[in-house]
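[1] sequence and predicted model, in that order:
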Amino acid sequence: MPLILGIDPGSRTTGYGLVEVKGNKFRYVGCGCIKTGDGSLPQRLKKILIGLREVIEQHQPDEVAIEEVFMGRNAASALKLGQARGAAMSACLAFDLPVAEYSARQVKQAVVGAGAAQKNQVQHMVKALLTISGNIEEDAADALAIAICHANTQASLIRMAGAKSFSRKRLR
């Protein structure tokens, strides 16, 4: 059963979520947020890097999925988000983990069925798919949605290729 780490990067809050996949079934493993505080950008990036390294060391995921940068009207915000993604990806690549990237629209489409879904709809579907009864932070729910999107995308690619079997195990 592959373990997928989903990451919702942010310069102030980076969400992460872990989902184990067996066939078309998901098992919730854990989630949380790395809150970077109000320090300088380099210090916040360091917290993201260290925080995700700790998550990876603790859970040892097989694969990683991360959200792509959304280019809004504020170029400075997009640049900071890109730097947060870079710190997150660096943490994953230090462990030789394969990293897949998905747009917010792809994630919403895969989890809710509509690319223009609202955040609360994504959070609701994540909780339903993973049978989570309590509340989870928005960024952590987004990270779990990214992991679910990756699992669904990989399964679809395997079906389209007509594969009889597939191993997600990492080569060492």
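    Structure received. It should be emphasised that the depicted structure is a prediction, and the values quoted were computed from it without experimental measurement.
[2] could you measure from residue 25 over to residue 148?
    As judged by Cβ to Cβ, to the nearest Å, residue 25 and residue 148 stand 11 Å apart. C-beta coordinates here come from the backbone N, C-alpha and C atoms, glycine included.
[3] before we move on, what about residue 27?
    Residue 27 is 11 Å from residue 148, by Cβ to Cβ.
[4] joint contacts of those two?
    Both residue 27 and residue 148 are contacted by 19, 130, under the criterion Cβ atoms under 8 Å, 6 or more residues apart in numbering.
[5] those two - which one has more neighbours?
    Just comparing residue 27 and residue 148: by other Cβ atoms under 10 Å the higher neighbour count belongs to residue 148, 25 against 13.
[6] name the SS class of the more buried one, please.
    Counting by DSSP: H, G, I helix; E, B strand; the rest coil, the backbone at residue 148 sits in helix.
[7] where does this structure have its least confident helix or strand?
    In the chain, no helix or strand scores lower on mean pLDDT, DSSP states H and E than helix 138-161, which sits at a mean of 80.
[8] flag every buried residue along it.
    Neighbour-count burial for helix 138-161, counted by 16 or more other Cβ atoms under 10 Å, picks out 138-154.
[9] what is the neighbour count of residue 35?
    Neighbours of residue 35 (other Cβ under 10 Å): 14.
[10] list the contacts of it.
    With contact taken as Cβ under 8 Å, 6+ apart, residue 35 is in contact with 12, 13.
[11] any idea how far it lies from residue 77?
    Relative to residue 77, residue 35 is positioned 18 Å away (Cβ to Cβ).
[12] tell me the helices and strands packed up against the least confident helix or strand of the chain.
    Applying 3 or more Cβ pairs under 8 Å, 6 or more residues apart in numbering; DSSP states H and E, we find helix 138-161 packed against strand 3-8, strand 13-22, strand 25-35, strand 63-67, strand 99-102, helix 104-111, helix 119-129.
[13] right, and residue 102 touches residue 149 too?
    Yes: counting by Cβ atoms under 8 Å, residue 102 does reach residue 149; the two are 5.3 Å apart.
[14] many thanks, I have nothing further to ask.
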